[in-house]
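A.B. asks: Have a look; sequence and predicted model below, questions after that.
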Amino acid sequence: MARRVTAASPKNHTPWSSSWTTGCPSNHALATANFRLGEHLFEKGLRDNALKYFVEARRLRPESWSIKRQTWELEQAGKASGPEFFAEVMALVDDHYYAPLEMKEPGRAHP
């Protein structure tokens, strides 16, 4: 049974989570649903309720840089390029935020 959440009932807002629902295809789908509902609530001026959904979206899909950066920016202007962002990038250690760039030596013909 699907839950219906409306902007008229802000006290009833609780994020959808994998522990709450059954039969959901993946955490990716739940993360996207939470993120989009958070966006909707944010646009309707229900910021505090929206933040709950953003937190849940990041919990469900912690590897998603898109969700992290977009929710951080909605939480606080500039947060997506602030200390939290750089702490997350530095925590990657052996992984990379961007794929390493492989460049040819200057003056050599391309194969």
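C.D. replies: It's in. Only a predicted model underlies this, so the values are computations on that prediction, with no experimental measurement involved.
A.B. asks: Apart from its neighbours in sequence, what residue is nearest Lys68?
C.D. replies: Among residues not flanking Lys68 along the chain, Arg58 sits closest, at 6.0 Å (C-beta to C-beta, 6 or more residues apart in numbering). All C-beta spots, glycine's among them, are computed from the backbone N, C-alpha and C.
A.B. asks: Ignore what I typed, I meant Asn27.
C.D. replies: Leu60 is the one closest to Asn27 (C-beta to C-beta, 6+ apart), at 4.4 Å.
A.B. asks: confidence score at that neighbour?
C.D. replies: We have a pLDDT of 93 for Leu60.
A.B. asks: got the contact list for the lowest-mean-pLDDT helix or strand in the chain?
C.D. replies: When the helices and strands of the chain are scored by mean pLDDT, DSSP states H and E, helix 83-91 comes last with a mean of 83. Here helix 83-91 makes contact (C-beta atoms under 8 Å, 6 or more residues apart in numbering) with 68-69, 72, 79, 97.
A.B. asks: ok, Gln70 to Met90 distance?
C.D. replies: 20 Å (C-beta to C-beta, to the nearest Å).
A.B. asks: which one of these two has more residues nearby?
C.D. replies: Gln70 (17 against 9; other C-beta atoms under 10 Å).
A.B. asks: So what angle separates the directions of the helix or strand that contains that one and helix 83-91?
C.D. replies: If you go by DSSP states H and E, Gln70 is part of helix 65-75. Calculated by axes from the mean of the first three to the mean of the last three C-alpha atoms, to 10 degrees, helix 65-75 forms an angle of 160 degrees with helix 83-91.
A.B. asks: Now do the buried residues in helix 65-75.
C.D. replies: By 16 or more other C-beta atoms under 10 Å, the buried positions in helix 65-75 come out as 67-72, 74-75.
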